[in-house]
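Trainee: Fold the following, please.
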Amino acid sequence: MGEKIGNDHLLMPYIQSCSIACGGHIGDADSMSETVQLAQKYQVEIGAHPSFPDQENFGRKPMSMASDTLIDSLVSQINSLEKVCSVIGARLSHIKPHGALYNQAITDLRTAGAVVQVMKKYPGVTLYAPWQSVVSELAQEDGIPVKFEGFADRRYEHDGSLAPRNNSDSVISNPKEALSQVKQITKYHKLTSIDGITFDFEAETFCVHGDNPEAVAIVKLLSEKS
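Mentor: So this is what the prediction gives:
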């Protein structure tokens, strides 16, 4: 949220936590303040959504950065949201990397290590990350609280990675299909890939992207049925 799409006020009544853009891929003090206040109104937990510092590509293009440089950027982004929260009287509950940073930290040890070093600067804050990912396992080894995340509105490859966005079927826009995917995970601890292979999968929290054209319909149905 906080990505200046204009639907945050429609999504907020149906969700339990939100991840707020904090300047890496988009977002500024005004958008953060507006979104934090909206989250407080609906008693929604507030999370930081830092990314590679790449607004041109909306943080969705992989980047190779020195670990120290990446850590400094992520801390700066998160601190900017924390500052807004402190002024309003809100609290940061979790951190969820965005876009290419999220995907890169799943398998890349150096990127995952940088994210974990960032998490250490925010004691008690939970990391949202995929089950059995490099970043979640490193975080758990260091005693960082982790909540395993799945995506309600994205399809997966059979190795558990997200199907690339250049695949025309990678985004789920049908609310019933999103609900079906969430139920398969929560009830059977399984997930069927984009090419029809079913594999083990665990998730405790589910993401719906605010820029999905059907985001409001999806979160409303998930709230009612899941």
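Trainee: Any buried residues in stretch 102-110, and which?
Mentor: The neighbour-count check on stretch 102-110 (16 or more other C-beta atoms under 10 Å) flags 102-106, 108 as buried. (C-beta placed from N, C-alpha, C; glycine too.)
Trainee: Which pLDDT value goes with Q104?
Mentor: Predicted confidence (pLDDT) for Q104: 96.
Trainee: Of the buried residues of stretch 102-110, just say which sits nearest to A152.
Mentor: Nearest to A152, judged by C-beta to C-beta, of the buried residues of stretch 102-110 is Y102 at 15.3 Å.
Trainee: that older thread, of the buried residues of stretch 102-110, which belong to helices?
Mentor: 102-106 (DSSP state H).
Trainee: Would you map the strands across this structure?
Mentor: Under the criterion DSSP state E, the chain contains strands at 17-21, 45-49, 92-95, 126-129, 146-151, 190-192, 198-200, 205-207.
Trainee: Who are the packing partners of the second one?
Mentor: Contacts defined by 3 or more C-beta pairs under 8 Å, 6 or more residues apart in numbering; DSSP states H and E place strand 45-49 against strand 17-21, helix 29-41, helix 67-88, strand 92-95.
Trainee: Strand 146-151 and that strand, what's the angle between them?
Mentor: If you take axes from the mean of the first three to the mean of the last three C-alpha atoms, to 10 degrees, strand 45-49 sits at 80 degrees to strand 146-151.
Trainee: Give the rounded mean pLDDT of strand 45-49.
Mentor: On average, strand 45-49 scores 98.
Trainee: Not counting it itself, show me its contacts.
Mentor: 1-2, 16-22, 36, 39-40, 77-78, 81-82, 85, 90-98, 128 (C-beta atoms under 8 Å, 6 or more residues apart in numbering).
Trainee: residue nearest the centroid of this protein?
Mentor: The residue lying closest to the centre of the chain (C-alpha atoms, centre = their mean) is K96, at 4.5 Å.
Trainee: Could you dump the strands of the chain into JSON lines and include mean neighbour count?
Mentor: As requested, those are arranged in JSON lines below (neighbours: other C-beta atoms under 10 Å):
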{"stretch": "strand 17-21", "mean neighbour count": "24"}
{"stretch": "strand 45-49", "mean neighbour count": "25"}
{"stretch": "strand 92-95", "mean neighbour count": "22"}
{"stretch": "strand 126-129", "mean neighbour count": "24"}
{"stretch": "strand 146-151", "mean neighbour count": "20"}
{"stretch": "strand 190-192", "mean neighbour count": "17"}
{"stretch": "strand 198-200", "mean neighbour count": "12"}
{"stretch": "strand 205-207", "mean neighbour count": "18"}
